[in-house]
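Trainee: model the following, please.
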Amino acid sequence: MVAIWAHARLVIDIWSMKLLVWLLGRDGELLDSHLFFFDRYSDLADYHRARGRTLKAERFAAIAEAHFDAAPDDDDDPLEAAAMAMPIPRPRLNTNAVSTTRMPKPPKGRSRLVHSPVS
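Mentor: Reported below is the predicted structural model:
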């Protein structure tokens, strides 16, 4: 039953995105819709391959590959852009968190905290 829902979810995703691209896209394009279709058709191919339907799996894999090839390339190198946006790190700071002042221990039976009666 879970497999049926997985297949239905993939098919519904594909058809709903096709409708969205048809309604809102220019010339069938909407942002990175090709990458979305590549992902969903690849999942659909994996689904059919797991069930022994190799011809269907190969057909969906070919459709996925066509969408991947149609996807726009990124012109900018994302690693360069990310490195330029990062602030320069602060220099390392070593801290000695040990006190040099000796704290006397309170005599036995007396507390360090002084409790005042509440009026």
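Trainee: using the three-state scheme, assign residue 106.
Mentor: For residue 106, the assignment made with DSSP: H, G, I helix; E, B strand; the rest coil gives coil.
Trainee: burial of it, as a residue count?
Mentor: 10 (other Cβ atoms under 10 Å). C-beta coordinates here come from the backbone N, C-alpha and C atoms, glycine included.
Trainee: so residue 45 touches residue 57, yeah?
Mentor: Yes: Residue 45 is in contact with residue 57 according to Cβ atoms under 8 Å; the separation is 4.6 Å.
Trainee: of the two, who's got more company?
Mentor: More crowded of residue 45 and residue 57, by other Cβ under 10 Å: residue 45, with 22 against 18.
Trainee: hang on, residue 72 in a helix?
Mentor: No: judged by three-state DSSP, residue 72 forms no part of a helix; its state is coil.
Trainee: pretty sure residue 32 is one of the things it touches, is it not?
Mentor: Yes: using Cβ under 8 Å, residue 72 is in contact with residue 32, at 7.5 Å.
Trainee: which positions within the longest helix along the chain qualify as buried?
Mentor: In the chain, assigned by DSSP state H, the helix with the most residues is helix 2-24. By 16 or more other Cβ atoms under 10 Å, the buried positions in helix 2-24 come out as 10, 13, 14, 17, 21.
Trainee: can you list those residues in JSON lines and add pLDDT?
Mentor: Formatted as JSON lines, those follow (pLDDT from 0 to 100):
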{"residue": "10", "pLDDT": "83"}
{"residue": "13", "pLDDT": "81"}
{"residue": "14", "pLDDT": "81"}
{"residue": "17", "pLDDT": "79"}
{"residue": "21", "pLDDT": "78"}
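Trainee: and for residue 65, the neighbour number?
Mentor: The tally of other residues near residue 65 (other Cβ under 10 Å) stands at 14.
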